[in-house]
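Trainee: Take this sequence and fold it.
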Amino acid sequence: MSKIKKMRPDFIAAEFFYGYGNNYAGINISNLDVMLYTLQRYSPTTKVIVFVDKEERQYVDKLNDILPLHAVITHPVNQAEVLKALVD
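Mentor: This next block holds a predicted model:
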């Protein structure tokens, strides 16, 4: 999080993991929530590209409703999808 505060990147790519019944179940939806809240505060123009397994794709929508994502790419990831997300 300290790097985000200092660097303010144009893009961040991250793997999404839904929090099945663990400490994410209350306040957080996934492993990305804290990072996304930090981005909102310190680097709101950073675009977030999320990679997700198709079994967890439905949960990304819950996260996207709260914290807008730039692109969601379902596994298997291919280069063309990533390049498209970087250009959009």
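Trainee: For stretch 7-20, list the C-alpha coordinates in CSV.
Mentor: In CSV, the C-alpha atoms belonging to stretch 7-20 read as follows (Å, rounded to 0.1, in the frame of the first residue of the first chain):
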residue,chain,number,x,y,z
MET,A,7,4.1,5.8,-7.1
ARG,A,8,0.4,6.3,-8.2
PRO,A,9,0.6,3.8,-11.1
ASP,A,10,-1.4,4.1,-14.3
PHE,A,11,-2.4,0.4,-14.1
ILE,A,12,-2.4,-2.4,-11.6
ALA,A,13,-3.1,-6.0,-12.5
ALA,A,14,-4.2,-8.3,-9.7
GLU,A,15,-5.5,-11.8,-9.2
PHE,A,16,-9.0,-12.0,-7.6
PHE,A,17,-9.8,-14.4,-4.8
TYR,A,18,-13.2,-14.5,-3.2
GLY,A,19,-13.3,-14.7,0.5
TYR,A,20,-15.3,-17.9,1.2
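Trainee: which residues are contacting it?
Mentor: Contacts to stretch 7-20, defined as C-beta atoms under 8 Å, 6 or more residues apart in numbering, come from residues 4, 24-25, 28-32, 35, 39, 42-43, 45-52, 56, 59-60, 63, 70, 72, 82, 86. Glycine gets a C-beta too; all of them are placed from N, C-alpha and C.
Trainee: could you pull out the strands for this protein?
Mentor: 11-15, 47-52, 71-74 (DSSP state E).
Trainee: can you put those strands in a markdown table and add mean neighbour count?
Mentor: A markdown table is the format used below for the strands of the chain (neighbours: other C-beta atoms under 10 Å):
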| stretch | mean neighbour count |
| --- | --- |
| strand 11-15 | 15 |
| strand 47-52 | 20 |
| strand 71-74 | 17 |
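Trainee: In helices, which of the contacts of stretch 7-20 appear?
Mentor: 4, 35, 39, 42, 59-60, 63, 82, 86 (DSSP state H).
Trainee: What subset of those is buried?
Mentor: 4, 35, 39, 59-60, 63 (16 or more other C-beta atoms under 10 Å).
Trainee: Widest-spaced pair of those?
Mentor: Ile4 and Tyr59 (22.8 Å; C-beta to C-beta).
Trainee: Many thanks, have a good one.
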